[in-house]
Every structure is written in structure tokens, then in C-alpha cells.
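Peer 1: give me a model of this one.
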Amino acid sequence: MIDFKHYAEELKQAILSTDRIRAELMLTELGDVSTQDFVEKIVVPTMDDLGNGWEDGSVAISQVYMGAKICESLIVQTNDPDAKFRQPQLHFAITVLEDFHLLGKSIIYSVLRGLGYQVDDFGRTTTEQLVDKVEQESIDILLISTLMLRSALKIKELRRKLEQRGLDIKIVVGGAPFRFDTQLWQEVGADATAVGTSELVPVIEKLTGEAKQ
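Peer 2: Residues are numbered from 1 along each chain as shown. Below is the predicted model of the structure:
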């Protein structure tokens, strides 16, 4: 039986020492591990731990950034080239709304892709741009990350504009403002919020009807 906690700690230490080779050796030791197990049981707890460390000052932002890049590379290496995306497949998109802090988005994007979800990366967008993109790409579930409160509050305006165009989509929000105010996601008209990747995965599974009964 694989000791996933051990390998999550091993990955964390490799990231903290910026040792990509050590991380890849860990992947070799794991052997034929599925992408889903690798992401859910190793990458998710590792990145959540690093994120908590950044918040309490024990981990540098550069280490979190490097962690995201290393994990993204490892996820690609575990991917089965013959594997198919999850079915039924909904159309996801992820964006940072009117902020410039893109790290959190990059981590979530890598994790969801590793779990088999098709996700469009919209990068940084304004409210007006996002409404147009959602309509043009026929998005079903929109993931929004914000760093500043003023950006988070714009989601209410976004929801109103989407409804004006008859676009009924699910919105999942995350970022610092929603950590500090646990009711904010409801106030801005989102369908759900998640603090870190460990909370996001079950939220996504519920929204896609894949949650275990």
C-alpha cells in the first residue's frame, strides 16, 4: 500500500529546497500511480500546506510558485496518454478577475487538468471581457480568483450582466477576500467558494454531479 502522506511530505521538502530532481525521483518510486491519486492524495495536500505556510510567513512566495511549476510538470508525467477526459464533460473556465496575482489560478488549473477536467485558462480579465468570453465559449462552470476586496465585489456585477444575457452558469470563487469573510461568496452571487484545492475538488464534484452519495 502506498504511503501517500510520506510522499506528500517528500514532495513538500523537494519543493522547499527547489529540488526538481528529488521530486522526479519520488515520482519514480511511486511507480504506476494514477493521475487522480497523485493529484488528490499528494499534490493537493502539499500545495495546501505550502499555501498555509505562505500565509503564516514560513514559506516564501517564490517557493509556492516553484511548487506550482514542479507539480504541474509531475502531473503531466503521470498522465496516461490514452486517458479520456471525464464524462459527461462540462465546459470549465478559470480566471483572475481584475487582479494581477495569478499564482493561485495556476495551481488550481494544474490540479483540475490533472484530475481530467477540461479547463480554459482565461488569464486575467475584466468584468466586461469575462461576460463576452463566457458567452462565446459556452462556459458551464466559471472559477474566479481574486486578491483584493474591490475585485471580489465586482463578481456581483458580473452575475448581473451574465443574467442579462440569459447565461445561467455556476460560479465558484476563491482568494483572500473569501477567506476573511466566509459569507462574502453568497453576497456577490456565487454558487460556491473553496479555500484551497482540498476544498475545491469536492465542490467541483458536487457541481458536476460526480459527488459520491
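Peer 1: now for residue 92: which residues touch it?
Peer 2: Shown in contact with residue 92 (Cβ atoms under 8 Å, 6 or more residues apart in numbering): 112, 117-120, 139-143. The way it works is simple: take the backbone N, C-alpha and C, and place the C-beta from them, glycine included.
Peer 1: from those residues, list just the buried residues.
Peer 2: In terms of neighbour count (16 or more other Cβ atoms under 10 Å), the buried residues within the contacts of residue 92 are 112, 117, 119-120, 139-143.
Peer 1: need the residues you listed in a markdown table (columns: pLDDT).
Peer 2: Converted to a markdown table, the buried ones among the contacts of residue 92 look like this (pLDDT from 0 to 100):
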| residue | pLDDT |
| --- | --- |
| 112 | 81 |
| 117 | 81 |
| 119 | 88 |
| 120 | 92 |
| 139 | 93 |
| 140 | 91 |
| 141 | 92 |
| 142 | 95 |
| 143 | 94 |
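Peer 1: mind checking which of those are in strands?
Peer 2: 119-120, 141-143 (DSSP state E).
Peer 1: just checking, what packs against the longest helix along the chain?
Peer 2: Of all segments of type helix in the chain, defined using DSSP state H, the longest is helix 61-78. Contacts defined by 3 or more Cβ pairs under 8 Å, 6 or more residues apart in numbering; DSSP states H and E place helix 61-78 against helix 4-16, helix 20-30, helix 35-38, helix 44-56, helix 103-114.
Peer 1: going by mean pLDDT, which of those comes out lowest?
Peer 2: Lowest mean pLDDT within the helices and strands packed on helix 61-78: helix 103-114, at a mean of 76.
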